[in-house]
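Participant: quick one, fold the following:
(chains A and B)
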2 protein chains.
Amino acid sequence: MIGESFFSKNSKAALKKSPPGEWMPTIPDVCIRLNSGYPAPELVPHKELKEAVVRLLEEEQDLPLHYIGSPRLKKLRDQIRGRMAERSMVVSDEELLITSGACQGIDLIARIFLDEEAVVAIEAPTYMEALEIFQNYTNHFISIPVDEHGIKIDLLEKVLVDRKRDGQAMPRFLYTIPTFHNPTGTTLSKERREHLLALASTYDFLIVEDDAYGELAFHESPETLKAMDKEGRVLYVGSLSKIVAPGMRIGWVAGAKEFISAFGWMKKDLDHPFAHASMAAFLENTNFKLRLHTLSDTYKAKSSVMLSALEEYMPESATWFVPEGGYFVWIRIPGVDTSKMLAEAAAKGVAYIPGKHFFLDHSEGREYLRLSFSYVEEKEVIEGVKRLSRVLGTGPSSQ
Amino acid sequence: MIGESFFSKNSKAALKKSPPGEWMPTIPDVCIRLNSGYPAPELVPHKELKEAVVRLLEEEQDLPLHYIGSPRLKKLRDQIRGRMAERSMVVSDEELLITSGACQGIDLIARIFLDEEAVVAIEAPTYMEALEIFQNYTNHFISIPVDEHGIKIDLLEKVLVDRKRDGQAMPRFLYTIPTFHNPTGTTLSKERREHLLALASTYDFLIVEDDAYGELAFHESPETLKAMDKEGRVLYVGSLSKIVAPGMRIGWVAGAKEFISAFGWMKKDLDHPFAHASMAAFLENTNFKLRLHTLSDTYKAKSSVMLSALEEYMPESATWFVPEGGYFVWIRIPGVDTSKMLAEAAAKGVAYIPGKHFFLDHSEGREYLRLSFSYVEEKEVIEGVKRLSRVLGTGPSSQ
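Facilitator: Numbers count the residues shown, from 1 in each chain, chains lettered A, B, ... in the order given. Below you'll find the predicted structure:
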């Protein structure tokens, strides 16, 4: 009797599309978690964060535990703006909103720009949480495939040209992860970046640039879309989850101040002074350049270990992109339904994310899977790939 | 060129109603802040929280800094359920969602239940953040006055009877702060609580019970609506902001599991493991009963100091409710426009919140103001009231 009848039109529609709880199967604890897009445990700076919190509370006492008052709240904003400036993205204080991770930033963007008539352009495949978020607001998507150089910009242009000719709505925005893409690990080429910005200008849409992995380059990070943007069309979504610690829940959105002001208005969890001030205290004592070096070296080594194991154990027919940064390898195994295979893989002690979860249409991506080399130790990366290959019938026999 | 044209219909409407940034005047730092609904600085347990974080990170290392993994995340849920159970509110794990403060809980409730056709019943006056949140979703309000025994239930009933007779929509929910109300400090009587639950049943609406101040009783906390609810109509919103520290951003919603599941789906900032595990570590070493005693004694003493000062210095015509808990005294000064008076008060070194901000219709509440006795020291409470009385021309002359 008390139930769905109270739900609003919008939430009824959203919940119908994506029933809560229907997602991945439970992964047994004993599995090697090649599914987890987590940072390596040894790179999570728990000692340094403990020291930072002690210093913070000894210096500021109750200040960071009130709603406002800690001078480190402003400091974190300056630190984030400083990091962006080092990457040629100069934003004013009014152009920055700190969010609870990238997810909240993406959700605020969706809340402000989307309604049930809005069209969103996305990459296929793309970050599954973003897909879920957008589907809470609209059913209208333009889905553009990704290849080894990122989103296929010619296909996007063709769709836009056709829609224009046919009088159809332009996308409100394109959501893209141009650098060390989740799940494919690919990076949008310089030429395509320029082409994309030109298209956004011609066809008058915004670009949401999710750069959660952007600083995790094995060699060099490319220039961001935000840095190249001359028109204020790029909303940049950043995160400290992958380079410091996801549990701190610190991300941000940078963009035109009218947009940032609107996001701030809709963000009703208020600010998080304790988490923000703790992060500021951590960053003020951290050599970030050195930290990024360590992260890059570690993940580069792990990715090499995974790629070697894949070469050695995967079936001949399997293919993958070689990542130049980030956390992931995206693998295609022709003729295999990776979603059906997961139960057997889990039983054999290895977990991954089936490709279909990264597509709007779950009938796509069936032959694909995402492996993460970030979280588990190197020898487990190898063992995980071995176990996977046994499920595929190509690996070394079990000892 | 890049601007509002990209906003969705809903956000355009919401931002038009409540332009970001238009709110209170800036209060100079030198003011005695009788406007601030903050806990007393000396009651914010910064030493204990520091100790808790040290213990947490030494015991769990990187675990509370990942997305999931800390055993204390479940522990915090159990601690909150335990505190609710002590107050005769037994809820299962599926009936509880931890939120970033009460505000996020209220926003999730609004997101799930409200659309532009939905009607919301509110108290007049009420919590200003809640007003802002609801106005982001709908324009349809039923606004019922509050007297010294809480919401005027007979008026609510009359409105419901009339609407029923005229075929108008019933409210989706009533938002109420029945205990130590913000801003009036009043508490809903037992009889009215029963009457309210009966009305909700008869007219088929939900009740959102905001209990942020409920445990801050000077004598005894009344039974909550949630504890009295037999039909699952009450969505209980709790918070640790007023009894531990607002900067930790920990609140919760408890209610029917279908609702909680939907809120969880829409909550896109993910969980906050570091804050949650830190709070669990704090609570596991805290004698909460003793803590509540200390809080009650302190705030009771501060409220007495404020009430005595009001008796001594306010004009004869001024009236107020005597609070039995919470943080606030709500004062009426006939013939005075408290909003216009604020600039002068601030210049004379005292700040308060003008009454109109607590009403949907800002033409109401002009003769009222809210004073908070929670945040400033006792001698500043007295000095603040003195300064206010000088502005009103009734106080002792300046020394």
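Participant: need the residues of the stretch 201-350 of chain A near chain B, please.
Facilitator: Remark: the part of the stretch 201-350 of chain A in contact with chain B comprises A:206, A:231-233, A:245-249, A:256, A:258-259, A:261-262, A:264-266, A:268-270, A:272-275, A:277-278, using C-beta under 8 Å from any C-beta of the partner chain. Placement of C-beta: from N, CA and C, glycine included.
Participant: I'd like to know which of those are buried.
Facilitator: A:206, A:232-233, A:245-249, A:256, A:258-259, A:261-262, A:264-266, A:268-270, A:272-275, A:277-278 (16 or more other C-beta atoms under 10 Å in any protein chain shown).
Participant: in helices, which of those residues fall?
Facilitator: Judged by DSSP state H, these include A:258-259, A:261-262, A:264-266, A:273-275, A:277-278 as members of helices.
Participant: residue A:84 contacts residue A:255, correct?
Facilitator: No. Residue A:84 is not in contact with residue A:255 according to C-beta atoms under 8 Å; the separation is 11.7 Å.
Participant: what do those two both touch?
Facilitator: By C-beta atoms under 8 Å, 6 or more residues apart in numbering or on different chains, residue A:84 and residue A:255 have these common neighbours: residue A:236.
Participant: settle it for me: which of the two has more neighbours?
Facilitator: residue A:255 (27 against 22; other C-beta atoms under 10 Å in any protein chain shown).
Participant: hang on, the more buried one packs against residue A:231?
Facilitator: No. Checked against C-beta under 8 Å, the pair residue A:255 and residue A:231 is beyond contact range at 11.5 Å.
Participant: residue contacts, residue A:108?
Facilitator: A:97, A:99, A:253, A:263, A:266-267.
Participant: and it, how far from residue B:107?
Facilitator: Counting by C-beta to C-beta, to the nearest Å, the separation of residue A:108 from residue B:107 is 12 Å.
Participant: next one: residue A:226
Facilitator: Separation of residue A:226 from residue B:107 (C-beta to C-beta): 28 Å.
Participant: domain boundaries for chain A, per the record?
Facilitator: Recorded structural domains for chain A (assignment: automatic domain parsing) are A:7-44+A:290-391, A:46-284.
Participant: need the winner for burial among those.
Facilitator: Among the domains of chain A, domain A:46-284 has the highest mean neighbour count (mean count of other C-beta atoms under 10 Å in any protein chain shown), at a mean of 21.
Participant: tell me the mean pLDDT over that domain?
Facilitator: Domain A:46-284 shows a mean pLDDT of 97.
Participant: same question, stretch A:324-344
Facilitator: Stretch A:324-344 shows a mean pLDDT of 97.
Participant: how about the helices in chain A?
Facilitator: Counting by DSSP H, chain A has helices at residues A:9-17, A:46-60, A:71-86, A:101-113, A:128-135, A:153-165, A:190-203, A:225-228, A:257-266, A:273-284, A:288-313, A:338-347, A:378-391.
Participant: the fifth one to helix A:101-113, inter-axis angle?
Facilitator: Angle between the axes of helix A:128-135 and helix A:101-113 is 20 degrees (criterion: axes from the mean of the first three to the mean of the last three C-alpha atoms, to 10 degrees).
Participant: between helix A:9-17 and helix A:128-135, find me the angle.
Facilitator: Angle of helix A:128-135 versus helix A:9-17, following the same axes, to 10 degrees, is 140 degrees.
Participant: anything in helix A:128-135 near chain B?
Facilitator: Yes. Interface with chain B: helix A:128-135 contributes A:129, A:133 (C-beta under 8 Å from any C-beta).
Participant: report the contact partners of the nearest residue to residue A:6 once chain neighbours are set aside.
Facilitator: Spatial nearest neighbour of residue A:6, chain neighbours left out: residue B:113 (5.6 Å); criterion: C-beta to C-beta, 6 or more residues apart in numbering or on different chains. Under the criterion of C-beta under 8 Å, 6+ apart, the neighbours of residue B:113 are A:6-8, A:11, B:172-173, B:206.
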